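# From the sequence below, what's the structure:
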Amino acid sequence: MDFVIWLLIIASFILSYVGVIYPIIPSPLVLWIGFLLYYFLIDQGLTWVFWSVAVLLTIILIVSDIIANSYFVKKYGGSKWGERIAGLGVIVGSFIIPPFGIIIVPFLAVIVVELLQRRSTQEAMRAALGSLFGFLGGAFAKVVLQTVMIIWFVVAVIW
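Sure, this is the predicted structure:
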């Protein structure tokens, strides 16, 4: 039975990485499902230190994605609406031409929103480029943090 549970834990970890490309899948929640499967069905030996670090890394994981997107759109001259549309575009884009839609849809949506706000084509393109960098920066941060969380879990299980 432990073998099946371990397969589910590993599947949840893999699915968390899929959430980087398909933002509709909540990566932190899927990681936690793996942690909780282990804790409740295999061994309750995970310490409060493990759980504290896992909570801290989860908060950083969630916040880093939001901050990266907002930071880059602002840095490249995007408006508040451009920031919002970039985030929405990532979600909508994950269903349109996956996985390329998560890059193309926000990029085009930010251009349209910025042009509707009477920005020049150059300013709109610059803001759209910021949304692209924001997505890529957030995705990179997610992969790194998720990998750290999984390694932290493995280390906690072994010791």
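# And for Val110, nearest residue in space, chain neighbours not counted?
Sequence neighbours aside, Ala128 is the residue nearest to Val110 in space, at 4.2 Å (criterion: Cβ to Cβ, 6 or more residues apart in numbering). In short, each C-beta sits where N, CA and C put it, glycine included.
# who touches that neighbour in this structure?
Gly78, Pro106, Phe107, Leu108, Val110, Ile111, Glu114 (Cβ atoms under 8 Å, 6 or more residues apart in numbering).
# Can you pick out the ones from those residues that are in helices?
Pro106, Phe107, Leu108, Val110, Ile111, Glu114 (DSSP state H).
# looking at this protein, which helix or strand is least sure?
helix 80-93 (a mean of 85; mean pLDDT, DSSP states H and E).
# helices or strands next to that one in the packing?
Helix 80-93 sits against helix 48-75, helix 101-116, helix 121-158, with contacts defined as 3 or more Cβ pairs under 8 Å, 6 or more residues apart in numbering; DSSP states H and E.
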